[in-house]
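[1] The following block contains a protein sequence and its predicted model.
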Amino acid sequence: MRVGVLYFDGAERAAGALGISGLSTGDAMQQAKAVVAHLNATGGLAGRRIDLRDGRMDAARAVSDPEGTYAAACASLTEDQKVSYVVSYVNFTQSRLACYAKRGVTVLDDQAAVSDGAGAQLARTFAGPGELAPGRAALELVDALWRRGWLTSASKVGTLVPDTPDGAEIETRYLLPALKKYGLTPAAQARASGASGANQNGIVLQFRSAGVDRVIPMGQSPLFLMNAAESQGYRPAYAVNSGFGPGALLETAAPRGQLENAAGIGWSKFLDIGAGTRPGPVSSNETLCFTLMQKAGQRSTSATTQAFQLALCNVLMFLKAAADQHGLAPALLDRVRSQGLRFPPADTYAIRMQAGRADGAAAYRDLAFDNGCSCFQYVSGDRATR
């Protein structure tokens, strides 16, 4: 059974060119090989051996030509290498996933950040079992911040989403209604344009003029906004979630003054917690994943690398569990959602796959920046998602 690994080569260099420090992914192919060797030794996929195929994408090219890079990788994996499944931890859009769906290839990715609507439309051939989709995350985030008093009726909120169709969906269908539930209307709304949304000086001026004291970004990392805001001496409080790598990335890459009073929710502990205190393993599969990495010479102390290792490990183990329980049918993900799956996740606290959703994260923890340690810490135990 041919399974492709889609990943970026040179991600650290490309991130550095954009001014992002601390991002490390490790060697994705070697990570995948370590897990696949174990899966094949324990029966493969429903008794069939996994034949791993390489879906390398050049990260530097992806910055200048993202759509062309993704399209070429899709053609290579589906037409040339003829894989049946793709595992990954790269970002997707609806059009990028549609390339695989048209060819009947199932994609599993816990870092895809695909909008809820796109995920639902493509759920037959796409799943992020350890991911919380941006819209659903927005609903949980606003509820949590109101419950904790971070948001109040006096808050002047600025919202930030990508200037894309997915960003518009997150804003209009999820974030604005979530705020309206508590009588809040944003004082300012911004959409970041460009491949990275790196130039955000104008948004700083917009937010500052509107008196924004609470920034809620969704689907768009606040890092570039934080850098621009710091250069202008503007320090609002930011909402965060696992998708931004609060502990793994923001903690070291963002100006410290921008992180004070930051709060949010997290469902991926190696992205959420950097120098802070991490809870123990979420399951035996997390322990097994790191054991396999160490034996393969892939051990890392980088929080971002560890998070990506677990994400890749999780989707491969999820695929094996699904195939072993339901067989390698074309409608495998439909069967998982309708009949259930006995599977302890490796990269999140709980999963629940259900019809109409591509994502599966079923629990999160409250998260806050601790000025004492200059780090993010969990400030609650598990809380179930809706």
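    In hand now; what should we look at? Residues are numbered from 1 along each chain as shown.

[2] which SS state does the residue most central in space within the chain fall under?
    Centroid-nearest residue in the chain: residue 111, 3.4 Å away (criterion: CA atoms, centre = their mean). The local conformation at residue 111, judged by DSSP: H, G, I helix; E, B strand; the rest coil, is coil.

[3] Pull the contacting residues for it.
    By CB atoms under 8 Å, 6 or more residues apart in numbering, residue 111 lies in contact with 88-91, 128, 131, 308, 311. C-beta coordinates here come from the backbone N, C-alpha and C atoms, glycine included.

[4] which one of the residues you listed sits closest to residue 367?
    Within the contacts of residue 111, the smallest distance to residue 367 is 16.5 Å, found for residue 131 (CB to CB).

[5] wait, isn't the closest one in contact with residue 364?
    No - Residue 131 is beyond contact range of residue 364, at 11.6 Å (criterion: CB atoms under 8 Å).

[6] who has more neighbours, these two?
    Neighbours per residue (other CB atoms under 10 Å) separate residue 131 from residue 364, with residue 131 holding more: 31 against 28.

[7] element containing residue 190, please.
    Under the assignment given by DSSP states H and E, the secondary-structure element containing residue 190 is strand 188-192.

[8] helices and strands around that strand, which ones?
    Strand 188-192 sits against strand 157-162, helix 165-169, helix 201-209, with contacts defined as 3 or more CB pairs under 8 Å, 6 or more residues apart in numbering; DSSP states H and E.

[9] do that again at 10 Å, thanks
    Of the remaining helices and strands, those touching strand 188-192 by 3 or more CB pairs under 10 Å, 6 or more residues apart in numbering; DSSP states H and E are strand 157-162, helix 165-169, helix 201-209, strand 214-217, helix 223-231.

[10] packing partners for the first one?
    Applying 3+ CB pairs under 10 Å, 6+ apart, we find strand 157-162 packed against helix 134-147, helix 165-169, helix 176-180, strand 188-192, helix 201-209, strand 214-217, helix 223-231, strand 237-241.

[11] Given that strand, what are its sheet partners and their directions?
    Each strand pairing with strand 157-162, determined using DSSP bridges, is listed with its direction: strand 188-192 (parallel), strand 214-217 (parallel).

[12] now the angle from that strand to helix 223-231?
    An angle of 130 degrees separates the directions of strand 157-162 and helix 223-231 when computed by axes from the mean of the first three to the mean of the last three CA atoms, to 10 degrees.

[13] And the host helix or strand of residue 35, what's buried?
    Taking DSSP H and E as the criterion, the element that holds residue 35 is helix 28-41. Judged by neighbour count using 16 or more other CB atoms under 10 Å, the buried positions of helix 28-41 are 28-29, 31-36, 38-40.

[14] ditto for stretch 206-213
    For stretch 206-213, a neighbour-count test (16+ other CB under 10 Å) marks 206-208, 210, 212-213 as buried.

[15] same deal with stretch 84-96?
    Neighbour-count burial for stretch 84-96 flags 84-94, 96 (criterion: 16+ other CB under 10 Å).

[16] quick one: terminal-to-terminal distance for it?
    The stretch stretch 84-96 measures 16 Å between its terminal residues, going by CA to CA, to the nearest Å.
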